[in-house]
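S.K.: Here is the input, now give the coordinates:
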Amino acid sequence: MKVQIIEREGKPEWAVIPYDDYHRLAGALEDAADTHAIDEFYSKLARGEEELLPSSMVERMIDGESPIRVWREYRGLTLETLGAACGVTKAFLSQIENGKRSPSIDLLKKLAAVLTVDVDDL
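M.R.: Numbering: from 1, shown residues only. Purely as a prediction, here's the structure:
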């Protein structure tokens, strides 16, 4: 790699490299960042801090189904069980899942805690 050093006041200020070398270096940095992200995911997965989801579950949410319902069913909870754990009625929770009511932030936090997901997932 041919590098040209540009100095300012007698000290190296800039390193100029050929454009092709720049692209190779940028690609290598992106690959390294991707590798780090993948390694971090697998470390979290091994520690139980991440989980793999079935594609059918993801597809349901992409299709617009309530994430609360999808996660609740995935966790094997009934409306009554989840509602009781969060201090709301089964009917109220059903209205939220059907888009007729909106949960408060406090309720979202409770739901996320019981469902063991981030609030952002709901």
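
S.K.: Would you map out the domains in this protein?
M.R.: 4-47, 55-121 (automatic domain parsing).

S.K.: can you tell me the average pLDDT over the shortest one?
M.R.: Here the mean pLDDT over domain 4-47 is 95, rounded to a whole number.

S.K.: Next, the buried residues of stretch 55-74.
M.R.: Using 16 or more other Cβ atoms under 10 Å as the test for burial, stretch 55-74 gives 60, 66, 67, 68, 69, 70, 71, 72, 73, 74. (Glycine included, C-beta is placed from N, CA and C.)

S.K.: wait, stretch 13-33
M.R.: So for stretch 13-33, nothing qualifies as buried (16+ other Cβ under 10 Å).

S.K.: Count the residues that sit near residue 115.
M.R.: 21 (other Cβ atoms under 10 Å).

S.K.: Residue 37 belongs to a strand, doesn't it?
M.R.: No. Under DSSP: H, G, I helix; E, B strand; the rest coil, residue 37 sits outside any strand and is assigned helix.
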